[in-house]
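Undergrad: coordinates only, sequence not included:
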């Protein structure tokens, strides 16, 4: 098990622009471009603009050193003429990664730690989805099994420590 | 006061199409076109399609005799390749229109009737908005005054009847 | 454990109306009224109407014998002048209810059955929420524990059957 | 009538997190928890994330002295691994509370004041909803009557002052 | 150029279910499953359910012969206990596919025909996105060039016909 | 052709308020009021508040010198009791305006410049919509023709420069 304190920056940048003259197809493509270019996260919020125009607000979180580069990408890949930017403070939970062996293959799990105690466990979606697809079983079944195994692993370890 | 039973058809048509390759600007324009062409109502529902595409479902209500013409308009003015259509049954409340004189001008009001009793009164938005704009007062003030006057007019009339 | 085939009607009614002249407060109240009056379900869909008006589509599912009564309620409790209605066919999964004893109290669980096999288990939200609140623990912890116990109960029973 | 200048803080904190791995049931529960724990307000914004995931942005407004405590609650009660926080400046309207006696019971009303003049009046939703429910009348009827009475009360008082 | 009249069925099935107890991650996965299993289209509509639960309506369009199979998939891959189904009539525009050679590679285009006249041209998003990505140019540039070339090709052909 | 560097301020103000006690009609009217009063932009975001209330977040961008005046307007024209405000930094693309002569009339186009190169061209929606309406042709046809003409004009000019 690997603890990763401080792996995630607590001070990042948020970029935003309103888009009412792009198609949904082009918006989906722009989102992919942002994530491939290193955005920490990116998402759309549906909004309503003047003249009954359905539009979206595109939000992008990125490392401060990536801000200028991603603004350049936004100006090139979207129809926006201006990108709003601001610094964002985040409070980050400590987390550790552990791996469990399900009957169908290995799944990484992320445990959220508060005061060094694991308060919740989240199997990695990508691992679970790959297994569900390969095995022809439901995603939910894989997720629940992986979480259950990870809970046992952590409970056992904590007993050993005590 | 004018009662208008049956003014609104109880059997109409609903047209729908999903649009992920139009811009918000073009969508707002298409909505205007539909309403000018005689649609009873038209609206957008924000939806999420494959590949993270924000899109809209465009819905149009129209008289049955206008269905073919509005489908033609949808195929010409939007990017859709197919329009879904179906008949819709509606239950319609009786209503009557009355006009009240506010200190700033006349406002038409619509009373909703259940079992011949006015259960709610709605001043026409367009009348109220025009007055608010002309007089430089808040819309809410005009709406509340008009409704209050209409409630008194109906109460007085009902007493006379009794 | 109690199996409940056919408990849920497969032919129900869907009532719909668009609302652009009610406040959010009044809408939330109307939703409660519908559910208290016996609607099987009711929900809002945010939509965009002419003149840049954010509005909602209110949808209500109900038993066919409740349709007229709930339309009357909609006409009285909302601002709509017309309610659209149509029959809806549903395909329903068989389900059974079982109860498990968590360390903090009993939780009912619903198992979804396909070909007589439980393919997923869902602890009742209300039971879990009540326990989480009373015990000051997280909802997720209660849900996961209850599901895990129900899975074991079903696995044991299935072994006995075999 | 009680005037309450300065009752509402003009400098508060806004907490935000994106949630794509919680269910709607658990989200509704988390909202209640936040409000019970003293949040000034909390709401969801539907968003679209990568891989066509419908998700929500959860926003919470709170007093500055409650920020750390509510961030802790968010980390425990939601699936988020990080909470964004920032200070928010607000411009607050003066308001006064008055109570009116409707035929069905007392309703508190909030008057919004600009330059010491009441520019709008809002009956308390909870009072109106309770009365509507108890009396079996429509919410709208109670709200309109209460507002009308409050308008008269304020008009009378203002005349006395003049 | 290939004309494809009648390639798209005009009578299809619409499947719907409300989901308030799945995560956004699992929803995105279910959407992929539906499309891989042969759904003609599938999308989410954000909705608001009781107890302030943000949820989604999942809609799926499919060929009539695929209806039972996809309902089975929905019952297995989502948390729903019931799927609503209904037949849908569609009016379909004729269309033809042509291919144009841009400076960066071939792009298929779809022309929408009304009364045998091409009224709009839409370059295939997937072709354009692949080229934009490979060449490091903007999607918009590829789309505009392909559409312009296709318009010229159709204009030239139409002149020849005349 | 006119280049307009610096025409758009890079430091502006964002005003926000949550509204759950206004109707959609009144919201659409408030949006118009804001834009007429000089807001740079204004839009609605659908949100979900406590007690299952569908509501909106109203956002307004304005010049810093207009902030106090527009906050006053928001307090008068909407039901809000408090407006959140903050400064916003924007990165603005250079742009130039050129005019092209389509077969149906003149259309202004806006070219977005990066490093003095026009990377995209956007015909003014209002010009295109007016022509489409007057001529009875589709908006898309006007937009595509205008953009194509503007691209040629810029290509020719750039050759001359070289």
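TA: Perfect, thanks for sending it. On a predicted model such as this, the values are computed, not experimentally measured, just so you know. Numbering: from 1, shown residues only, chains lettered A, B, ... in the order given.
Undergrad: quick one: contacts for the closest residue to residue A:135 other than its chain neighbours?
TA: Nearest residue to residue A:135 in three dimensions, chain neighbours excluded: residue A:104, at 5.0 Å (CB to CB, 6 or more residues apart in numbering or on different chains). C-beta coordinates here come from the backbone N, C-alpha and C atoms, glycine included. Residue A:104 sits next to A:131, A:134, A:135, A:137, A:142 when contact means CB atoms under 8 Å, 6 or more residues apart in numbering or on different chains.
Undergrad: Can I get these in TSV including neighbour count, secondary structure and pLDDT?
TA: Formatted as TSV, these follow (neighbours: other CB atoms under 10 Å in any protein chain shown; DSSP: H, G, I helix; E, B strand; the rest coil; pLDDT from 0 to 100):
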residue	neighbour count	secondary structure	pLDDT
A:131	23	helix	98
A:134	10	helix	96
A:135	14	helix	96
A:137	16	coil	93
A:142	25	helix	96
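Undergrad: of all the residues you listed, which two lie farthest apart?
TA: A:134 and A:142 (10.1 Å; CB to CB).
Undergrad: Check the gap between the residue nearest to residue A:124 when sequence neighbours are not counted and residue A:93 for me.
TA: Of all residues not flanking residue A:124 in the chain, residue A:108 sits nearest, at 4.5 Å (CB to CB, 6+ apart). Between residue A:108 and residue A:93 the distance is 17 Å, computed by CB to CB, to the nearest Å.
Undergrad: Stretch A:137-147 near chain D anywhere?
TA: No: figure legend: stretch A:137-147 not in contact with chain D (CB under 8 Å from any CB of the partner chain); closest approach 9.8 Å.
Undergrad: ok, residues contacting that stretch?
TA: A:100, A:102-104, A:107, A:109, A:121-123, A:127-129, A:131-132, A:135, C:119-120, C:144, C:147-148, C:151, E:26, E:29-30, E:76-77, E:79.
Undergrad: Is there a quick ChimeraX command that grabs whichever of the residues you listed are buried?
TA: Buried subset of these, written as a ChimeraX selection, criterion 16 or more other CB atoms under 10 Å in any protein chain shown:
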select /A:100,102,104,107,109,121,122,123,127,128,129,131,132 /C:119,120,144,147,148,151 /E:26,29,30,76,77,79
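Undergrad: Mind checking which of the contacts of stretch A:137-147 are in strands?
TA: The members of the contacts of stretch A:137-147 that map onto strands under DSSP state E are A:100, A:102, A:107, A:109, A:121, A:122, A:123, C:119, C:120.
Undergrad: partners of the residue positioned nearest the centre of chain A in the sheet?
TA: Nearest to the geometric centre of chain A sits residue A:41, at 6.0 Å (CA atoms, centre = their mean). Taking DSSP bridges, one obtains residue A:61 as the residues bridged to residue A:41.
Undergrad: Quick one: residues contacting it.
TA: Contacts of residue A:41 by CB under 8 Å, 6+ apart are A:60, A:61, D:18, D:49.
Undergrad: quick one: low-confidence ranges for chain A?
TA: Along chain A, the model assigns pLDDT under 70 to residues A:1-8, A:159-162.
Undergrad: near chain D, which residues of it?
TA: So far as CB under 8 Å from any CB goes, chain A lies against chain D at A:8, A:14, A:31-32, A:35, A:41-46, A:56, A:88-93, A:95, A:110, A:112, A:114, A:119-120, A:122, A:125.
Undergrad: List only buried entries from the residues you listed.
TA: A:14, A:31-32, A:35, A:41-46, A:56, A:88, A:90-93, A:95, A:110, A:112, A:119-120, A:122, A:125.
Undergrad: contacting residues around residue A:75?
TA: A:83, F:91, F:93, F:112, F:114.
Undergrad: Same list (the residues you listed) but as JSON lines, adding distance to chain E.
TA: Below are the contacts of residue A:75 laid out as JSON lines (distance: CB to the nearest CB, whole Å):
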{"residue": "A:83", "distance to chain E": "16"}
{"residue": "F:91", "distance to chain E": "18"}
{"residue": "F:93", "distance to chain E": "13"}
{"residue": "F:112", "distance to chain E": "10"}
{"residue": "F:114", "distance to chain E": "10"}
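Undergrad: of these, closest to residue D:155?
TA: Of the contacts of residue A:75, the one sitting nearest to residue D:155 (CB to CB) turns out to be residue A:83, at 50.0 Å.
Undergrad: so who does the closest one touch?
TA: By CB under 8 Å, 6+ apart, the neighbours of residue A:83 are A:15, A:16, A:17, A:71, A:74, A:75, F:90, F:91.
Undergrad: repeat that for 7 Å
TA: Going by CB atoms under 7 Å, 6 or more residues apart in numbering or on different chains, residue A:83 touches A:15, A:17, A:71, A:74, A:75, F:90, F:91.
Undergrad: How about the backbone phi and psi for it?
TA: phi -120, psi 130 (degrees, to the nearest 10).
Undergrad: Would you mind measuring from it to residue A:47?
TA: 16 Å.
Undergrad: next one: residue A:26
TA: 17 Å.
Undergrad: ok, now residue A:138?
TA: 35 Å.
Undergrad: Give me the more crowded residue out of these two.
TA: Neighbours were counted for residue A:138 and for residue A:47 using other CB atoms under 10 Å in any protein chain shown; residue A:47 has more, 26 against 19.
Undergrad: ok, that one - contacts?
TA: When the contact criterion is CB under 7 Å, 6+ apart, the partners of residue A:47 are A:18, A:55, A:56, A:57, F:43, F:44, F:45.
Undergrad: What is the nearest of those to residue D:158?
TA: Relative to residue D:158, and with distances defined as CB to CB, the nearest of these is residue F:44, at 34.5 Å.
Undergrad: residues contacting the closest one?
TA: Counting by CB under 7 Å, 6+ apart, the residues that residue F:44 touches are A:47, A:48, C:54, F:27, F:56, F:58.
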